[in-house]
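*Asks:* Sequence first, then the predicted structure:
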Amino acid sequence: SSPKEYLKDLFENIEKLNPELNALTSLQKEYAFAKAEELEATRATDEHTLFGVPVIIKENIQKLNFPLECASKILKGYKGQFNATAVSSLEKAGAILIGTANMDEFAMGSANEHSAHGVVKNPHDTSRVSGGSSGGSAVACAAGFAPLTLGSDTGGSVRQPAGFCGIFGIKPTYGRVSRYGLVAFGSSLDQISPFARNVTDLDIIMKTMAHEDSKDATCLKGSYESQLNHVSLKGKKIGVLRSILKEGVDDNVMAEFSKLEENLKKRGVTFVDIEIPSLEHTLSVYYLIACAEASTNLSRFDGIRFGHRAQNTEDLFDLYCRTRSEGFGKEVKRRIMLGTFSLSAGFYDAFYGKAQAVRDLMSRQFDEAFKSVDYIYLPTSPASAFHFGINAFDPIKEYLYDVFTIPANLTGVPAISVPAPVKNGALPVGLQFMAQRGKDAELIGFAAALE
Ligand code: GLN
């Protein structure tokens with residue numbers, strides 16, 4: 001069918017399902033139809049790797065005139081002012097941006113329960129969470145709203161909801177995809193990251209958006225050279241962090257983890273147990289660094305330049321305080337306070353400085369590990385999607401869900417979550433592979449070989 005007809009059917013389905021799932025915060029029908037019309041008048045070339053393919057973006061990625069609220073009251077009504085580099089690349093390849101996805105406020109959370117737009121339901125069981133913080137993008141992809149969606153992954157926010165929703169998600173090497181136009185949370189950890197329902201689609205979208213960019217100084221040189229169908233399993237060596245799997249991993253997750261391991265052994269893959277001792281400090285290091293960076297990044301929301309402004313204030317200081325008290329949600333406030341505290345004079349060396357030192361150590365230990373193995377294997381999360389509300393009174397419990405995904409952000413290595421082939425009706429389980437920095441294409445090639 002033509003791009004326009006395809007969109008019509010797609011929108012019908014979205015309008016039927018989204019009121020229940022709450023994955024989208026806007027559907028840009030008029031814009032999308034206009035784009036489709038433009039495409040219908042164009043002849044597709046080799047450059048058009050995504051000709052007419054609908055894409056949905058997380059609400060923290062800039063697209064001119066699309067909502068950019070970051071699921072926060074403080075940005076209510078705020079719209080994108082320009083196109084993120086990743087967005088421009090997709091559009092150049094012929095993709096049609098059709099809407100924006102729900103998320104945890106400023107990407108802080110693991111369940112999409114901290115959103116000014118409300119929670120997102122898991123399509124596999126609507127009494128359970130979608131995962132987060134890119135829950136809306138994950139559900140939009142899983143429920144067929146678009147074959148490809150974008151999220152952002154700072155500590156697991158794409159891989160974890162991909163696992164909860166039974167789809168693929170990759171956090172590229174830090175700097176592999178430009179961050180220009182992504183609203184910053186933890187700048188040294190953030191990566192725009194894609195979701196897809198199969199590896200081939202993931203490979204295509206990576207090829208389209210993973211390239212250098214003069215607008216992001218941390219962006220890597222070179223580009224993504226697809227290795228689909230060029231990676232063979234035979235002879236590969238995989239490291240398993242067995243000692244951190246001992247406690248706190250649910251039985252259904254462990255069962256799928258072991259099943260794939262056994263299966264791969266039969267196909268010529270060798271498994272060895274490895275240790276990365278610094279991983280014991282994963283959560284403390286991450287929450288110090290992420291909160292510190294968030295507290296400075298979010299200082300720009302002052303009631304003057306963007307979005308919400310408190311009314312009837314007494315002076316400038318009162319305006320800042322009241323705007324921020326009214327505009328930010330509870331989890332965001334918690335992180336700003338933690339981050340500001342750990343960066344303050346007298347505490348810097350004890351907290352932020354030390355966290356950075358452990359982070360360096362972790363990077364070196366990963367480099368060392370990759371001298372003897374091709375990939376590192378872990379579940380994506382210690383459990384499958386949970387019921388709504390269970391972490392409402394205990395932020396630490398929610399933070400535990402990120403323990404396996406965060407190391408890739410701290411060390412910058414690429415990591416992919418692949419869905420385990422669970423029985424029909426069972427909850428999805430995500431399994432994760434990490435590779436050396438820069439080996440994104442090879443990692444995707446490897447994931448394709450698993451099938
Ligand atoms: N759940 C983690 C957090 O709350 C990760 C978030 C993310 O990757 N954006 O910080």
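*Replies:* Happy to help now that I have it. All values derive from a computational prediction rather than experimental measurement. Numbers count the residues shown, from 1 in each chain.

*Asks:* tell me the contacts of the one residue in the stretch 301-450 of the chain that gets nearest to the ligand?
*Replies:* Here the stretch 301-450 of the chain gets closest to the ligand at one residue, Asp402, 4.7 Å apart by Cβ to the nearest ligand atom. Backbone N, C-alpha and C define where each C-beta goes, glycine included. Residues counted as contacts of Asp402 (Cβ atoms under 8 Å, 6 or more residues apart in numbering) are Ser110, Gly155, Gly156, Gln160, Leu283, Tyr286, Ser381.

*Asks:* Equivalent analysis for Val413, please.
*Replies:* Thr173, Phe366, Pro407, Met434, Ala435, Gln436, Arg437.

*Asks:* Might one say that Glu212 is in contact with Tyr224?
*Replies:* No: the pair Glu212 and Tyr224 fails to qualify as a contact (Cβ atoms under 8 Å) at a distance of 10.6 Å.

*Asks:* Contacts only, for Ser243.
*Replies:* Contacts of Ser243 (Cβ under 8 Å, 6+ apart): Asp273, Glu275.

*Asks:* which SSE is the nearest residue to Phe195 once chain neighbours are set aside in?
*Replies:* For Phe195, ignoring the flanking residues on the chain, the nearest one in space by Cβ to Cβ, 6 or more residues apart in numbering is Cys141 at 4.2 Å. Assigned by DSSP states H and E, Cys141 belongs to helix 135-142.

*Asks:* Equivalent analysis for Gly169, please.
*Replies:* strand 168-171.

*Asks:* check whether the helix or strand just after that strand contacts the ligand.
*Replies:* Later in the chain than strand 168-171, the nearest helix or strand by DSSP H and E is strand 191-196. No: judged by Cβ under 6 Å from any ligand atom, strand 191-196 stays clear of the ligand, getting no closer than 8.9 Å.

*Asks:* Starting from strand 191-196, tell me the next helix or strand along the chain.
*Replies:* Along the chain past strand 191-196, the next helix or strand (assigned with DSSP H and E) turns out to be helix 199-209.

*Asks:* quick check: angle from that following helix to helix 135-142?
*Replies:* Between helix 199-209 and helix 135-142, the angle comes out at 120 degrees (axes from the mean of the first three to the mean of the last three Cα atoms, to 10 degrees).

*Asks:* mind listing what's buried in the lowest-mean-pLDDT helix or strand in the chain?
*Replies:* Confidence across the helices and strands of the chain bottoms out at helix 395-399, with a mean of 81, counting by mean pLDDT, DSSP states H and E. For helix 395-399, burial by neighbour count (16 or more other Cβ atoms under 10 Å) applies to Pro395, Glu398, Tyr399.

*Asks:* Can you give the distance of that helix from its chain's centre?
*Replies:* A distance of 18 Å separates the centroid of the chain from that of helix 395-399, by Cα atoms, centre = their mean, to the nearest Å.

*Asks:* So which bits of the stretch 151-300 of the chain are right by the ligand?
*Replies:* Residues of the stretch 151-300 of the chain lying near the ligand (Cβ under 6 Å from any ligand atom): Ser152, Asp153, Thr154, Gly155, Gly156, Ser157, Phe185, Ala290.

*Asks:* Show me the strands in this structure, by range?
*Replies:* 24-27, 54-58, 96-101, 121-122, 125-129, 148-153, 168-171, 191-196, 237-240, 270-273, 375-379, 415-419, 430-434 (DSSP state E).

*Asks:* mind listing what Met434 touches?
*Replies:* Going by Cβ under 8 Å, 6+ apart, Met434 touches Tyr375, Ile376, Leu378, Pro407, Ala408, Val413, Pro414, Ala415, Leu443.

*Asks:* Just list the residues touching Phe386, thanks.
*Replies:* Neighbours of Phe386 in contact, by Cβ under 8 Å, 6+ apart: Ala111, Arg128, Val129.

*Asks:* could you redo the last one with a cut-off of 7 Å?
*Replies:* Listed by Cβ atoms under 7 Å, 6 or more residues apart in numbering, the contact set of Phe386 reads Arg128, Val129.

*Asks:* hang on, the earlier thing: can the helix holding Cys141 be found next to the ligand?
*Replies:* No: judged by Cβ under 6 Å from any ligand atom, helix 135-142 stays clear of the ligand, getting no closer than 10.6 Å.

*Asks:* Also stretch 86-102?
*Replies:* No: judged by Cβ under 6 Å from any ligand atom, stretch 86-102 makes no contact with the ligand; its nearest approach is 13.3 Å.

*Asks:* Tell me, how many residues neighbour Arg176?
*Replies:* 27 (other Cβ atoms under 10 Å).

*Asks:* likewise the one 4 residues further on?
*Replies:* Counted with other Cβ under 10 Å, the burial measure for Tyr180 works out to 21 neighbours.

*Asks:* Tell me where the stretch 301-450 of the chain is predicted with low confidence.
*Replies:* Scanning the stretch 301-450 of the chain for pLDDT under 70 picks out no residues.

*Asks:* interface residues of it facing the ligand?
*Replies:* Counting by Cβ under 6 Å from any ligand atom, the stretch 301-450 of the chain sits next to the ligand at Asp402.

*Asks:* I am finished for the moment; much appreciated.
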